[in-house]
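Student: how does the following fold in three dimensions:
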Amino acid sequence: MPAPVPGYEPLRLLGVGAYGEVWVAREENTGRLVAIKFYTHQGGLDWALLTREVEKLALLFADRYVVQLIGVGWNAEPPYCIMEYLEKGSLAERIAAGPLPVEEAVAVFRDVAAGLVHAHSKGVLHCDLKPANILLDQDGKPRLADFGQSRFSTEQFPALGTMYFMAPEQADLKAVPDLRWDVYALGALLYCMLTGKPPYQTEETNAAFEQLTDLSERLAYYRQTIEHSPPPMEHRRSRGVDKMLAGIIERCLAVEPEKRFPNVQAVLDALELRAARLARRPLMLLGAIGPALLLLVGAWFAWQSFSTALRQSTAALTAQALATNGFAARYVARTAANDLERRFQFVEQTAADESFRRKLQAALADPDFDRLLTKLSDPQASEEELKPLRAAFQEHPLRKALQAEFDALLPPAARPDREAEVASWFFCDAHGVSLVRVPEGRTIGRNFAWRSYFHGGPNDMPESRRPPAGRHLPDTSLSDVFCSQATSRWIVAVSTPVWAPTNDVQENEKKFLGVLAMTVEVGRFVELRGGDSQFAVLVNNRPGVNKGVILQHPLLDKLLETHPKLPDRFKNYRLADDDLPDTLERQEHYADPLAVDPQGRDYNRRWLARMEPVRVRGRDTGWIIIVQEDYEAAVHGVLKRLAEKLARYGIVALTVVILLMAGLWGTAERLSIRH
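Tutor: Numbers count the residues shown, from 1 in each chain. Here you go, the predicted structure:
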């Protein structure tokens, strides 16, 4: 970091810009993350511009639509600003992954517009609205950032925005700030979210701008490009864009300011009107087809048989139950992924501790300690030779000191004595030897380089084998599952490499010190409170010897309530690929994999099931969530009640038809008598 900031611990460089560097830091008192912008390039720094930005951000303090200013160090060397840190990055990064779905884009658009309304109500015009200046919070909600070009509505000074997002009249060094500048930029923003690029941007215009070096010439060319080009229409080809939404975009992008919305509030009003009209569409459709349905009621009761109605209802209820199970599977998978992500972060934060890494590096550099580790790493050594070495290693002063440091380092919320799911924490050196463990145990001094949590492969290797030299875990990952000897439950390790402190080695020559890991009982990851008729099952679908094993199931939970250890036979139950509910047929006729067990006969029923993979940080963990629901409870009971209702409706309909026929016959009879 260019200079220390009192009360903040630097973590990593976030980026470098025209005026300096942006760092991510942690506030020492609260632990929250912030972004610190250092203005290291002071030779090109416009202090009036920066003062105005701070002035606007201070005025918008506590506005939930604006990235908050936390502090300013103008007298520091170099000066800096402390800003709120948003982990999901900018909207520009989100758009770079591809255009947004219409509903997502409209939701972002509405929030940005609401933020502009708040800013405008305090007399602040943004004047440089673009995807890069909109950051996304942890919920994906947009926040306005970078008020460097902003102006008060009373100011008469020009403000240049960004090409393709700037209103044409704004591209003038004599222009006076106008509310409609932000209206234009708002339309360009929504256009960019839907199409992946801003309006009027083409390869030809980009090439022309690159050839123009004079600012006035570039601005003039920009105005001429917009004024003489046909209105952009690519947004109309985006899936889901209706005429009302297209009209809002086109009115925002009107070349003449008078034809745009007069202010951002008018844009929001147009959005609300669109939403109201879309909500009325089903009622309008119902009003149009209602009379036709009434005409068909008699024919429906006359021609549709009772059995056909039941079959249709069965299909509808089955589809609805499967859809519900699919939603539940996605929810449980996200919950499991969030739990894993939380543990990923615990492990990464622990492995990044500077004090522990330095003490670890110092211990590993001790010749006596290193020789002992080398002997323990020898795959040719016999157990008789290794046993006294392990005993000596366990009592070694350096190891004892590391054990105490490691024990104190663990996050309180993830200690084995505080959280039931956590089985242990441990660290293995670069050869795979276990140095420290919480709680301490007999595994200290043993070599685990064959484990997937050390070498990073998909599966464990034979215990006598060692991975090739230099092969180790590249980044934080989830290991293959392995069985607990104490409970026969499946355990998984979340592990991450530990590197020597970067100021001790060259950045491109990071020294691998070993692997730090947390082991967790897999059987506590998923939960779905649906009773015996609906529940979630966790299955390992990772290729290897453990593929298809049942990691979590209500039967396993019930057995562990009365038995300290699961029977060994549960290790052998597998869910084959051909049994997964990945086709409609298997989703509607799913067989519980533990129904074959003598104690699982209650699960020998027909199930409806949907599955969802568990992904963490965009990578498949190899786990799948299966939510299964009893077919009888989900469909048959409902059908019985439906059949009773249909019978009553049939009687009522028959009565109505008889009465109508009687009335018509009576009227016809009276008319015939009169004539």
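Student: how about the helices in the stretch 151-300 of the chain?
Tutor: For the stretch 151-300 of the chain, applying DSSP state H, counting those that start in this stretch gives helices covering 179-195, 203-211, 215-228, 243-252, 264-303.
Student: and the ones you listed: which comes nearest Arg110?
Tutor: When these are compared for distance to Arg110 using C-beta to C-beta, the nearest one is helix 264-303, at 5.9 Å. For glycine as for every other residue, the C-beta is placed from the backbone atoms N, C-alpha and C.
Student: listing partners with orientation, what would you give for the helix or strand hosting Gly622?
Tutor: In this assignment (DSSP states H and E), Gly622 forms part of strand 619-630. Pairing partners of strand 619-630, with direction, according to DSSP bridges: strand 534-540 (antiparallel), strand 607-616 (antiparallel).
Student: for those, which one sits closest to Leu245?
Tutor: Checking the strands paired with strand 619-630 against Leu245 by C-beta to C-beta gives strand 607-616 as the closest, at 31.5 Å.
Student: how about residues contacting the closest one?
Tutor: By C-beta atoms under 8 Å, 6 or more residues apart in numbering, the residues outside strand 607-616 that reach it are 318, 321-322, 325-326, 328-330, 332-333, 336-337, 340-341, 344, 478, 541, 580-582, 586-588, 590-592, 620-621, 623-631, 634-635.
Student: can we see that at 7 Å?
Tutor: Contact with strand 607-616 is made by 318, 321-322, 325-326, 329-330, 333, 336-337, 340-341, 344, 580-582, 587-588, 590, 592, 620-621, 623-631, 634, as judged by C-beta atoms under 7 Å, 6 or more residues apart in numbering.
Student: try stretch 321-341
Tutor: Here stretch 321-341 makes contact (C-beta under 7 Å, 6+ apart) with 478, 494, 525-526, 528, 536, 587, 608-616, 621, 625-627, 629, 634-635.
Student: run the last query once more with 8 Å
Tutor: Applying C-beta under 8 Å, 6+ apart, the set of residues contacting stretch 321-341 from outside is 478, 494, 525-528, 530, 534, 536, 538, 587-588, 608-617, 621, 623, 625-629, 634-635.
Student: out of the residues you listed, which are buried?
Tutor: Members of the contacts of stretch 321-341 that pass the buried threshold by neighbour count (16 or more other C-beta atoms under 10 Å) are listed as 478, 494, 525-526, 528, 530, 534, 536, 538, 587-588, 608-612, 614, 616, 621, 623, 625-629, 634-635.
Student: can you put the strands paired with strand 619-630 in TSV and add distance to Ala58 and mean pLDDT?
Tutor: As requested, the strands paired with strand 619-630 are arranged in TSV below (distance: least, C-beta to C-beta, whole Å; pLDDT from 0 to 100):
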stretch	distance to Ala58	mean pLDDT
strand 534-540	49	93
strand 607-616	39	95
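Student: any chance of CSV for those strands, columns distance to Val498?
Tutor: What follows is the strands paired with strand 619-630, written out as CSV (distance: least, C-beta to C-beta, whole Å):
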stretch, distance to Val498
strand 534-540, 27
strand 607-616, 20
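Student: so what sits opposite Glu9 in the bridge?
Tutor: Residues in beta-bridge contact with Glu9 (DSSP bridges): Arg26.
Student: am I right that it is in contact with Thr30?
Tutor: No. With contacts counted by C-beta atoms under 8 Å, Glu9 stays clear of Thr30, the gap being 11.5 Å.
Student: so between those two, which is more surrounded?
Tutor: Neighbours per residue (other C-beta atoms under 10 Å) separate Glu9 from Thr30, with Glu9 holding more: 13 against 9.
Student: and the more buried one, what does it touch?
Tutor: Under the criterion of C-beta under 8 Å, 6+ apart, the contact partners of Glu9 comprise 25-26, 28.
Student: pLDDT added to those, as CSV?
Tutor: Supplementary listing: the contacts of Glu9 in CSV, determined by pLDDT from 0 to 100:
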residue, pLDDT
Ala25, 92
Arg26, 93
Glu28, 90
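Student: make a PyMOL selection of the buried ones in the residues you listed.
Tutor: Selecting the buried subset of the contacts of Glu9 in PyMOL, with 16+ other C-beta under 10 Å as the burial test, is done by:
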select buried, resi 25+26
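Student: Leu69: which of the contacts of Glu9 is nearest?
Tutor: Of the contacts of Glu9, the one sitting nearest to Leu69 (C-beta to C-beta) turns out to be Ala25, at 15.0 Å.
Student: make sure that closest one is actually in contact with Leu13.
Tutor: No. With contact defined as C-beta under 8 Å, Ala25 and Leu13 do not form a contacting pair (10.6 Å).
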